[in-house]
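>>> Build me a model:
(one chain, ligands or ions: 1)
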Amino acid sequence: MNDSPHIDHAQLQWDDDGQPVSSVFGDVYFSRANGLEETRHVFLQHNQLTERWHQLNTGEHFTIAETGFGSGLNFLAAWQLWLIAAPADAQLHFVSVEKFPLTKTDLQRALALWPELGEFTAQLIDAYPVFVGTGFHRLSFMDGRIKLTLIINDAATGFAQLLATPHPAFANHCATIDAWFLDGFAPSKNPQMWSDELFTAIRQLSHAGTTAATFSAAAIVKQGLKFAGFNIQKVPGFGRKREMVKAFMEQEPIVDHQDSLQTRSYSPYPVPWTIDAAATTPAEKHALIIGGGLAGCTSARTLAERGWKITLVERHAELAQEASGNPQGVLYAKLSPKSEAQAEFNLHALQFAQQFYCSRWSDIGEQCGVLQLAHCESERQLHTQLRGKFSSADELVQFVDAAQATAVAGVPLSLNALYFPKAGWINPRKLCESLTNHSAINVVVDCSALILEWDGDNWQINNNPGLRAPVVVIANATDAKSFAITQHLPIKSIRGQITYLPKTAASGSLKTLICSEGYIGPAVGGLHCTGATFNLKDDTRELRAEDHRTNLENLRVPLPELLAEWEELAVENLQGRVAFRCTLPDYLPLVGAVPDEQPMLEEFAPLRKNSRAAIHKTGSYHKGLFINIGHGSRGLAYTPLCAELLAAHINQEVLPLPRELANALNPARFLIRDLIKNKR
Ligand SMILES: Cc1cc2nc3c(=O)[nH]c(=O)nc-3n(C[C@H](O)[C@H](O)[C@H](O)COP(=O)(O)OP(=O)(O)OC[C@H]3O[C@@H](n4cnc5c(N)ncnc54)[C@H](O)[C@@H]3O)c2cc1C
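Numbering: from 1, shown residues only. The predicted model follows:
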């Protein structure tokens, strides 16, 4: 996993006309004459976007990639044109790589110069993320009609993370770009950006028909585009600029990768088992989803917003009756000072989830904030270690002392804490109902998927012709084990019990969620929900008094005064709920195409002897069969991003995560690890 080093925000000066100038590069962010008109001339007009968008079919998507997000002006101008020129149900993906993002305050000030973009600017500013290091930020606007993937990194590295693999022979097995906006500071001011590596990534990410436009007519840019396989043309620039360059890729880019395929005893590149080279999007966009919990319902919604027809099959009479059936869950994911996969995924997932829920709170729960108390020595140390990485991320997390925590919580607290102001509690059942309330989603309840078969064109459930579609998503948590095709997955079930406690005079003033060994939230309907226990290899569905005791005991350190009253109650009479978490050995979810076990084991057998064996083959995956499970104790934080990732895989779009992180969730990873460890 890449390090996610501290990033620097752009250092700006404001000139006499109120326009931003980079102090570091000594260059302007947009034309002093008229930045918006320049954007329209250079990038929109010379990529022929109006004409191309008029020709899009219903439900199609179009992908723009940009070097240098800057003030977001190009993105907003493209968004505005998209609404005029593209079909109402098509989606615009705008990917932009930025090494020095503007602060929100600077962004606001810069974009105030363009009042005609005001309605889009306001939405961008609302969603503008907190930057904690390098990484991806997927923002979604207008019910998914416009998607922005803001990659914080230098341009070449950022775009390389969109490729399928660093292996040159297979790198282009990924979603490609339809139009390039080569913006950013001029080559004379920022020569590092316009590197050979950048143009190599541009070549690998383009296809026959891709266009590019740039304000610059510098030799380095023209040579780079030619090297990338584009035909270039000099045309008049905007305003006083004599020339600019537009470019067109006539044929599929030729990638010279023979050297990378030479037979060697080991490969310098990762073995490309993660790649599903045969993946295609079916003509009929219809998916069956098995499981009506958080994973199934978020998957249904994200696909429906991309124009897919969804049939969601749930075995119970209502949605969200299993793990997703608790009345209150915490939106939370543990932060870490490290940059390994789990830590990076948690951060990406939490930020994505907060944006996903921001317009939904009033229907599903309460954005009351979450306090993570420093309740033990390891937690205290963790909070200290987090200070470096998160000290300027107040919108995401704040470091509060006991007095501040008390003010936030409304009840006395004696411990320092991390405070997540944009988090809160959610009723997962209400969330599932709200997500599936969409005209393209048909929920079929009282239907247990027992048989799953492929007839050559479609998947069919229970031999029922009414449950037949080219794509299936398995989202039934631990029950994925019941299908022969996914039996090989090392799924674990972890029992959890929550306890309901009556609101008391003292507890009634609790107004935020408090997490320590367990969690407790504000009372709803006269009851607090607290929990949860954690038991592996335990399938007891009945409530246990001893587990209620554990849940009460977990309140002793954070809330001794409140506990005193609840300790008077007879635990045998307490109510609660038991459910089972679904988890994988590495505690990361499983999201993507389902591997075809036998061919996978055969093709990659040399890994048993040599983990870096030179195997120049892509993975074997079942056509149209996907899975989204393993959300452990973090379903509320994980499922929105996992559904977005799943939809991107199914719909062949740019992924919302860096390649390595998406690979860390690949459903074939345990087969490959077993081979490497010689366990299979
Ligand atoms: C006690 C407890 C407390 C928790 N607290 C939190 C918390 O505070 N915050 C948080 O983020 N997460 C929490 N979690 C975790 C969270 O609840 C889960 O991660 C999440 O609900 C998982 O959603 P899912 O859709 O994957 O699984 P589930 O909700 O279990 O959904 C799977 C669905 O598939 C259906 N199904 C199974 N087999 C079939 C079949 N063959 N055909 C049709 N349907 C089928 C099931 O009936 C079920 O509805 C908690 C979990 C537990 C157990």
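>>> Which one of the residues in the stretch 201-350 of the chain is closest to the ligand?
Gly293 (2.2 Å; CB to the nearest ligand atom). (Each C-beta comes from the backbone N, C-alpha and C, glycine too.)
>>> same deal with the stretch 501-650 of the chain?
Closest point on the stretch 501-650 of the chain to the ligand, by CB to the nearest ligand atom, is Gly635, at 2.5 Å.
>>> Cross-check the contact I'm expecting between that residue and Pro428.
Yes. Assessed by CB atoms under 8 Å, Gly635 is found in contact with Pro428 at 7.1 Å.
>>> who's more crowded, these two?
The neighbour count for Gly635 versus Pro428, taken as other CB atoms under 10 Å, is higher for Gly635 (27 against 24).
>>> mind listing what that one touches?
Gly635 is in contact with 293-295, 323-324, 329, 428, counting by CB atoms under 8 Å, 6 or more residues apart in numbering.
>>> Mind checking which of those residues land in strands?
Gly329 (DSSP state E).
>>> shared neighbours, Gly635 and Pro428?
Shared contacts of Gly635 and Pro428, defined by CB under 8 Å, 6+ apart, comprise 293-294, 324, 329.
>>> Tabulate those (a markdown table), appending distance to Gly239 and neighbour count.
Shown next, in a markdown table, are these (distance: CB to CB, whole Å; neighbours: other CB atoms under 10 Å):
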| residue | distance to Gly239 | neighbour count |
| --- | --- | --- |
| Gly293 | 56 | 28 |
| Leu294 | 52 | 31 |
| Ser324 | 56 | 26 |
| Gly329 | 55 | 29 |
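>>> Pull the number of nearby residues for the closest residue to Pro522 other than its chain neighbours.
In this structure, Pro522 finds its nearest non-sequential neighbour in Leu510, 5.2 Å apart by CB to CB, 6 or more residues apart in numbering. When neighbours are counted by other CB under 10 Å, Leu510 registers 21.
>>> Quick one: name the residues of the stretch 251-400 of the chain near the ligand.
Taking CB under 6 Å from any ligand atom as the measure of proximity, the stretch 251-400 of the chain contacts the ligand at 290-296, 313-316, 321-324, 326, 329-330.
>>> Can you turn the buried part of these into a ChimeraX selection?
Burial among these is assessed by 16 or more other CB atoms under 10 Å; the matching ChimeraX selection reads:
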select :290,291,292,293,294,295,296,313,314,315,321,322,323,324,326,329,330
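>>> Show me where the stretch 151-300 of the chain has its helices.
Along the stretch 151-300 of the chain, counting by DSSP state H, counting those that start in this stretch, helices occupy 155-160, 196-204, 219-227, 294-304.
>>> With mean pLDDT as extra columns, can I get those in TSV?
Converted to TSV, the helices of the stretch 151-300 of the chain look like this (pLDDT from 0 to 100):
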stretch	mean pLDDT
helix 155-160	96
helix 196-204	94
helix 219-227	93
helix 294-304	98
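>>> most neighbours per residue, which of the ones you listed?
Highest mean neighbour count among these (mean count of other CB atoms under 10 Å): helix 294-304, with a mean of 29.
>>> Give me the sheet partners of the following helix or strand past that helix and which way each runs.
Proceeding C-terminally, helix 294-304 gives way to strand 309-313 as the next helix or strand, assigned by DSSP states H and E. If you go by DSSP bridges, strand 309-313 pairs up with strand 286-290 (parallel), strand 441-444 (parallel).
>>> Of these, flag the one that's most buried.
Mean neighbour count (mean count of other CB under 10 Å) peaks for strand 286-290 among the strands paired with strand 309-313, with a mean of 25.
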